[in-house]
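1. Pasting the sequence and the predicted model now:
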2 protein chains.
Amino acid sequence: MTIRPAEQLIHKAAWLYYAHGLRQDQVASQLNISRASVAMYLRKARETGIVNISTSTQLFTDDVLARQLEDALKLDAVWIAPENDYVLDPSTDIAVLAASVFLELVKKGDRIGVAWGRTVYTIADVMSYADLQDVTVVQLCGNLGAPYSYRPDQCTMEIARRLNAKGLNFYAPLVLTTELLAHGLRAEPVIREQLADIANCDLALYSVGTVDADSHVVKCGALSPGEMALLRVAGAAGVVAGQIIDATGKALDCSYNRRVISASLSSLRQIDKRLMVVQEDSKFEPLLAALAGGLCTHLVVGASMARRLLDHAGAQKAS
Amino acid sequence: MTIRPAEQLIHKAAWLYYAHGLRQDQVASQLNISRASVAMYLRKARETGIVNISTSTQLFTDDVLARQLEDALKLDAVWIAPENDYVLDPSTDIAVLAASVFLELVKKGDRIGVAWGRTVYTIADVMSYADLQDVTVVQLCGNLGAPYSYRPDQCTMEIARRLNAKGLNFYAPLVLTTELLAHGLRAEPVIREQLADIANCDLALYSVGTVDADSHVVKCGALSPGEMALLRVAGAAGVVAGQIIDATGKALDCSYNRRVISASLSSLRQIDKRLMVVQEDSKFEPLLAALAGGLCTHLVVGASMARRLLDHAGAQKAS
DNA sequence: GGCTCGGTTTGACTTTTGTCGAGAGCCGTG
DNA sequence: CACGGCTCTCGACAAAAGTCAAACCGAGCC
């Protein structure tokens, strides 16, 4: 990919402005263009990740609460988004933090697994642009047929786009009608290879879903509210990467799970850094299940959720 | 290290401004302080590396010339600072580029070896601040007794300070009067350990020195002009990390080298990424020697030097 | 040639940001 | 407790950056 002359100009402008610290009018006269153009180039440079502005997320790990949680839950790192402190839009607050944390965790040459859901999509949406050419973003689970606004492949592609990375989708439905068909499809070389490669990821990004009628998998039509109610009785506690898990974090032994095309929980656990982001307080039990199953090494949550987790861990210990 | 309240404010302001994209007045009202204070906090945030603004150095590797040099010299990466193109202060131009390249090469948890010289000091001087807590910067060679403006330990400490990293100095003179004393000092546990650990670095930063009367080691009083002239006759071609090398890049067999306390060339070669930065065109021969000795995997030079190197490599091949 | 269409570029204007000196609070000290 | 010295904060102004409609430019097409 050779650089087009316009792109060259963006690079030069960005370099003079950000690295050398010139003012925009000085850059303009250096490059013999108007200052207005310089301003435009600089915006493009920021948007395409030619310049990177990142803020340390230390503030959120330095919290005592975060440290306590790390200890109590034996996690590698925890970030806590303060609530009603200086919140703008409370729902995106956690997503903005998660996006920063995510960018901080990504390294050159990494392979990143991305699941799907409203949370993940919101993160993708607020993520700033970066220039990580040799990064690969892979999709962790099959697609939903429904014309839903945030499909797995969209999450993957959007994140890949923002990072200037390679996106690797796989086009299989998330859930099939028969176990036989699912089995057959998983054996397909294209699918099999992609699934097998997931364990080689360096970083995974996902959230956890609830198991009620509001659940993502229900809204997408993968399960009917009635089926979900039955699964709940059978011990379903949460949804991770499209799969139903029980309270201990194991995949629930049920027909649905056997019909799903997605990264297996064991392959997810092989990924070094598993970043789990939880926005809604209603996801407390699902999150506990995911934690019990060791599906999370790095956690981003809101303050109230953090307190509940810590209380719970304390109670566990006491009993 | 607990965060002081003021520091907390800097973090919050930086977060709201850079991550959430609020305007300064909005941040000010969120935090109940004046906008002027916000502006000040933001400056501090940039200065201390709480926010990181980095520009891609792609522009300088994408050059055809850079690619050709990589091939011709079998280097991992080459950056070329354009000359008389849009130069501000030609001498710092290369240093600014080198500083950016350096920051791009540093990774979390790295151990970095730093040599000394005017070039290295200039780089340290223009380097922007970053927040790399778990990085260690170690000094590659002994100190000069002379009250020279850029001493090895100063280079090390300044870079460590800018990176918020740990700096590891060792206080031995660069050169001693007798071989016996040098031998004894090298055997001192404190010194021996530090020298032995140099091979475990992930990244080294140094330049190369000339072997004339203007040379750094002469100006610092480590060698007299006369001694230097003699060494030159004996085959001296350059100076790397305080040691004299011959045209093939090997340490010259001379009393001076045996009296030096510094990282051995062989331990330098064990470092994965060896970033060499050369500012002056007069360092052509010394650079050739360093390249011949495999002391460089990543190179930052000016355009005219790059052309000379390429011409030389072409001529070599033809003959 | 004259035309439209998509895009870049520009000057003029508005908004946002940087800066500086004055003043307020806060020690430790005589 | 009054005094300098210190840091932190603010208001007001100056400087810089962002924005937008209008002009421009080249390519493709009648």
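-> Thanks, I have the structure now.

2. rest of the way, CA atoms for contacts and neighbours
-> Noted.

3. ok, the residue nearest the centre of chain A - contacts?
-> Against the mean C-alpha coordinate of chain A, by C-alpha atoms, centre = their mean, the closest residue is A:Leu205 at 3.4 Å. By C-alpha atoms under 8 Å, 6 or more residues apart in numbering or on different chains, A:Leu205 lies in contact with A:Phe102, A:Ile112, A:Gly113, A:Val114, A:Ala115, A:Val120, A:Arg274, A:Leu275, A:Met276, A:Val277.

4. Let me know the closest of those residues to A:Ala165.
-> A:Ile112 (10.1 Å; C-alpha to C-alpha).

5. Could you measure from that closest one over to chain B?
-> 18 Å (C-alpha to the nearest C-alpha, to the nearest Å).

6. after the helix or strand hosting that residue comes which helix or strand?
-> Assigned by DSSP states H and E, A:Ile112 belongs to strand A:111-114. Downstream of strand A:111-114, the first helix or strand assigned by DSSP H and E is helix A:118-126.

7. Quick one, grab the pLDDT at the residue of the stretch 201-319 of chain A found nearest DNA strand D.
-> Residue nearest to DNA strand D within the stretch 201-319 of chain A: A:Ala303 (25.4 Å; C-alpha to the nearest atom of the strand). Note on A:Ala303: pLDDT of 86.

8. Please name the bridge partners of the closest residue to DNA strand C within the stretch 201-319 of chain A.
-> Going by C-alpha to the nearest atom of the strand, DNA strand C is nearest to A:Gly302 of the stretch 201-319 of chain A, at 26.9 Å. For A:Gly302, the beta-bridge partners under DSSP bridges are A:Ala81.

9. A:Tyr206 now?
-> In beta-bridge terms (that is, DSSP bridges), A:Tyr206 pairs with A:Met276.

10. Does A:Leu163 touch A:Val137 like I think?
-> No - in this structure, A:Leu163 is not within contact of A:Val137 by C-alpha atoms under 8 Å, at 9.2 Å.

11. if we can go back for a sec, intersect the contacts of A:Leu205 with the contacts of DNA strand D.
-> Near DNA strand D, taking C-alpha under 7 Å from any atom of the strand as the test, no member of the contacts of A:Leu205 is found.

12. what residues are up against A:Gln139?
-> With C-alpha under 8 Å, 6+ apart, A:Gln139 has these contacts: A:Gly113, A:Val114, A:Ala115, A:Pro152, A:Asp153, A:Thr156, A:Leu168, A:Asn169, A:Phe170.

13. Let's see that with 6 Å instead.
-> Counting by C-alpha atoms under 6 Å, 6 or more residues apart in numbering or on different chains, A:Gln139 makes contact with A:Gly113, A:Val114, A:Thr156, A:Asn169.

14. distance between stretch A:74-86 and the chain's centre?
-> Chain-centre distance of stretch A:74-86: 16 Å, with C-alpha atoms, centre = their mean, to the nearest Å.

15. Could you give me the buried positions within that stretch?
-> For stretch A:74-86, the buried set under the neighbour-count rule, 16 or more other C-alpha atoms under 10 Å in any protein chain shown, comprises A:Leu75, A:Asp76, A:Ala77, A:Val78, A:Trp79, A:Ile80, A:Ala81, A:Pro82.

16. residues near the nearest residue to A:Lys166 once chain neighbours are set aside, how many?
-> Take A:Lys166 and drop its neighbours on the chain: the residue closest to it by C-alpha to C-alpha, 6 or more residues apart in numbering or on different chains is A:Thr136, 4.7 Å away. Counted with other C-alpha atoms under 10 Å in any protein chain shown, the neighbours of A:Thr136 add up to 21.

17. Correct me if wrong: A:Thr136 contacts A:Leu163.
-> No - the criterion here is C-alpha atoms under 6 Å, and A:Thr136 misses it with A:Leu163 at 9.4 Å.

18. What count of nearby residues applies to A:Thr177?
-> Burial measure for A:Thr177: 12 neighbouring residues, criterion other C-alpha under 10 Å.

19. Can you classify it by secondary structure?
-> With DSSP: H, G, I helix; E, B strand; the rest coil as the basis, A:Thr177 sits in coil.

20. ok, now which ones touch the nearest residue to it once chain neighbours are set aside?
-> In space, and not counting its chain neighbours, A:Thr177 is closest to A:Arg259: 6.8 Å by C-alpha to C-alpha, 6+ apart. Residues in contact with A:Arg259 (C-alpha under 6 Å, 6+ apart) are A:Val175, A:Leu176, A:Glu179, A:Ala182.
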